[in-house]
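# Give me the fold of what follows.
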Amino acid sequence: MSKLRLDFCSHEAAKHAVFRWHYSHTMPAAKLVRIGVWESGRFVGVILYGSGANRHLSRPFGLGPTEACELVRVALAPGREHPTSRCLAFSLKMLQRQSPGLKLVVSYADTKEGHLGIIYQATNWLFLGASSQPYLKVRGKVEHPRSLYDRYGRGGQQIGWLRKHVDPHAQRVEMPAKLKYVYVFSKPLRQKLEGIAQPFPKSPLTCGRSDTGDTSGHPPEEGGSTPTRPLQVSNA
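Model (predicted):
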């Protein structure tokens with residue numbers, strides 16, 4: 001089997017992987033920790049962590065904004081030798097070492113893409129249920145409300161404002177449920193969340209709802225390892 005190596009990578013390498021191997025073909029706009037994946041020196045993808053689309057990601061867990069992040073992309077080449085679950089597990093260890101104040105990672109499996117979160121089930125995550133959020137269709141494009149907020153301000157999340165100032169035909173669009181998983185570094189927090197965790201879904205029909213993404217070649221020459229600033233810097 002080829003030698004597996006994970007290291008921080010450049011924005012260019014991450015973008016190459018996401019545009020080529022992730023179903024969304026889009027790079028998140030937020031600050032990212034970019035962890036590249038190599039097999040015997042061949043670049044085979046990237047795993048990205050960031051603040052995510054939800055500005056209040058950490059709030060339901062009683063955490064500060066630098067104590068939680070989101071796994072926002074897993075973009076790995078098909079046909080590689082090492083399974084996604086192994087690459088993800090190594091990336092979590094790297095993330096914990098780089099960001100010692102981090103207590104929790106959130107990720108979502110998108111049921112509209114047929115994802116159930118199998119890689120999370122295989123790597124000791126907790127399943128917290130299914131939830132859905134209306135998206136907004138503006139100028140023919142369905143977008144997350146956070147994207148419109150970033151572009152237009154508070155009015156970007158209001159249908160009335162959007163219809164008056166941007167698109168008279170703007171409308172809300174109900175999206176299929178996303179399955180919420182969490183990976184917990186803090187043992188006390190994990191014990192607490194285990195009390196509300198649900199059994200892993202085996203099909204879309206078994207997904208419970210809760211108020212509380214399986215997101216799953218060679219990069220440009222400049223796409224090798226480069227330093228990436230941490231999500232959380234230790235005070236030590």
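# now for the host helix or strand of I47, which elements pack on it?
Applying DSSP states H and E as the criterion places I47 in strand 42-50. In terms of contacts (3 or more CB pairs under 8 Å, 6 or more residues apart in numbering; DSSP states H and E), strand 42-50 is packed against helix 11-21, strand 32-39, strand 68-76, helix 84-98. To be clear about C-beta, it is placed using only N, CA and C from the backbone, and glycine gets the same treatment.
# swap the cut-off to 6 Å and go again
Judged by 3 or more CB pairs under 6 Å, 6 or more residues apart in numbering; DSSP states H and E, strand 42-50 is in contact with helix 11-21, strand 32-39, strand 68-76.
# Can you list the buried residues in that strand?
43-50 (16 or more other CB atoms under 10 Å).
# cool, stretch 84-104 as well?
By neighbour count on 16+ other CB under 10 Å, the buried set for stretch 84-104 is 84-88, 90-92, 94-95, 98-99, 101-104.
# Likewise for stretch 185-205?
Using 16+ other CB under 10 Å as the test for burial, stretch 185-205 gives 185, 189-190, 193, 197-198, 200-201.
# try stretch 16-36
Within stretch 16-36, the residues that qualify as buried by neighbour count (16+ other CB under 10 Å) are 16-18, 21-23, 27-28, 30, 32-36.
# low pLDDT regions in the protein?
Under the criterion pLDDT under 70, the flagged ranges of the chain are 113, 133, 204-236.
# Quick check: the gap between the residue most central in space within it and G45.
Computing the C-alpha centroid of the chain and ranking residues by CA atoms, centre = their mean puts V72 first, at 2.0 Å. With the distance defined as CB to CB, to the nearest Å, V72 ends up 14 Å from G45.
# The residue lying farthest from the centre of the chain sits in which helix or strand?
Here the centre of the chain is the reference, and by CA atoms, centre = their mean the most remote residue is K164, at 32.8 Å. Using DSSP H and E, K164 sits in helix 159-165.
# contacts for the helix or strand just after that helix?
Following the chain from helix 159-165 toward its C-terminal end, the next helix or strand by DSSP H and E is strand 171-173. Judged by CB atoms under 6 Å, 6 or more residues apart in numbering, the contacts made with strand 171-173 from elsewhere in the structure are 134-135, 137, 142.
# quick one, phi psi at the closest residue to G117 other than its chain neighbours?
For G117, ignoring the flanking residues on the chain, the nearest one in space by CB to CB, 6 or more residues apart in numbering is A109 at 3.6 Å. Backbone torsions for A109, taken as degrees, to the nearest 10, come to phi -100, psi 130.
# cool, and S186?
S186 adopts backbone torsions of phi -80, psi 120, taken as degrees, to the nearest 10.
# does it really touch K103, like I thought?
Yes - between S186 and K103 a contact is recorded at 4.2 Å, counting by CB atoms under 6 Å.
# one step back: output the contacts of strand 171-173 as JSON lines; include the columns neighbour count, distance to G64 and secondary structure.
Compiled in JSON lines, those are given as follows (neighbours: other CB atoms under 10 Å; distance: CB to CB, whole Å; DSSP: H, G, I helix; E, B strand; the rest coil):
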{"residue": "P134", "neighbour count": "12", "distance to G64": "28", "secondary structure": "coil"}
{"residue": "Y135", "neighbour count": "18", "distance to G64": "28", "secondary structure": "strand"}
{"residue": "K137", "neighbour count": "16", "distance to G64": "34", "secondary structure": "strand"}
{"residue": "V142", "neighbour count": "11", "distance to G64": "32", "secondary structure": "strand"}
